[in-house]
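Student: Attaching a predicted model along with its sequence, questions to come.
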Amino acid sequence: MSKERALIGTDGLPLPVLPPERDARVWARACRIMFYTPGFLALLLLKVGEPAGFGISVELLMLASTAAVVAVIFMGSSSDGAGADHASRTGVWSGSLVLELLAVVPLLTAVPSLFHELANSKLLHAATPGAVDVQLGFSELIPAAAILPFMLYQLAGYGTLNHVLPRVANWVVNLGILGLIVGSFAANRAANFALEKGLVATLVAAMVVVVFYGVLKLKGMQERYDEFHPEKAKEKDKKAAA
């Protein structure tokens with residue numbers, strides 16, 4: 001694929017604007033971190049077993065860890081050499097989409113509630129005579145600040161989803177992610193675990209749908225790009241003439 005991409009196809013229509021080429025090695029390292037960190041943390045929480053508020057956080061951490069494995073599978077299929085097809089050319093992009101929406105989003109959802117539970121757990125912090133109970137207050141929201149640069153990453157055009165959805169739809173999806181994360185945290189703080197689970201389930205289901213759509217859309221965009229790219233059309237004509 002040339003560095004300067006063609007804008008108009010051989011059919012006279014605009015070609016799809018594909019995401020830029022990305023270094024698969026960097027994303028593979030990110031997948032390694034996303035696999036080990038949430039996975040080990042989830043195992044530690046399972047070992048503790050209390051309080052009940054850890055429940056949905058453990059599930060989200062396990063989802064983040066296992067989604068990283070799926071992302072690696074997509075990235076491992078990436079190829080642009082001999083025998084490459086439309087699917088292999090979109091392997092890194094598809095893997096990054098899985099990592100962004102099914103690993104990073106669940107992790108960002110789990111961390112604020114998880115920190116609150118860890119900071120206030122009577123099981124982990126046994127009361128000692130004369131100890132002062134320090135209330136963290138708004139400082140509990142510090143871990144949740146990671147959501148803001150993620151929103152910037154998505155809405156400023158760095159995210160893979162930006163190349164799959166129209167601008168308005170991309171904003172709707174990402175603001176929906178932000179709203180569901182904030183809502184689930186508020187429900188956790190109010191000890192309304194049923195509402196928290198409902199909001200988290202909605203978030204995860206929406207991310208699965210968006211990932212399915214995104215991966216298939218990327219593959220379709222690559223198919224159209226390869227089919228109507230002027231240079232590739234010339235190559236096909238030369239092969240046919242030979």
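Tutor: Looks like it came in fine. It should be emphasised that the depicted structure is a prediction, and the values quoted were computed from it without experimental measurement. Numbers count the residues shown, from 1 in each chain.
Student: give me every residue that touches the residue sitting nearest the centre point of the chain.
Tutor: In the chain, the residue lying closest to the centroid (C-alpha atoms, centre = their mean) is Glu100, at 1.7 Å. Contact partners of Glu100, counting by C-beta atoms under 8 Å, 6 or more residues apart in numbering, are 154, 159-161. Any C-beta I mention is one placed from the backbone N, CA and C, and that applies to glycine too.
Student: Check which helices and strands the strand or helix carrying Arg32 is in contact with.
Tutor: Using DSSP states H and E, Arg32 maps to helix 24-48. Under the contact criterion of 3 or more C-beta pairs under 8 Å, 6 or more residues apart in numbering; DSSP states H and E, helix 24-48 touches helix 54-76, helix 91-99, helix 105-120.
Student: Show me what the one helix or strand Ala205 maps to is packed up against.
Tutor: Ala205 is part of helix 193-228, with elements assigned from DSSP H and E. For helix 193-228, the elements it packs on are helix 54-76, helix 86-89, helix 91-99, helix 105-120, helix 167-189, judged by 3+ C-beta pairs under 8 Å, 6+ apart.
Student: Reformat these as JSON lines; add mean neighbour count, mean pLDDT and distance to Phe228.
Tutor: Shown next, in JSON lines, are these (neighbours: other C-beta atoms under 10 Å; pLDDT from 0 to 100; distance: least, C-beta to C-beta, whole Å):
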{"stretch": "helix 54-76", "mean neighbour count": "21", "mean pLDDT": "85", "distance to Phe228": "25"}
{"stretch": "helix 86-89", "mean neighbour count": "18", "mean pLDDT": "82", "distance to Phe228": "13"}
{"stretch": "helix 91-99", "mean neighbour count": "26", "mean pLDDT": "90", "distance to Phe228": "19"}
{"stretch": "helix 105-120", "mean neighbour count": "22", "mean pLDDT": "80", "distance to Phe228": "34"}
{"stretch": "helix 167-189", "mean neighbour count": "17", "mean pLDDT": "92", "distance to Phe228": "24"}
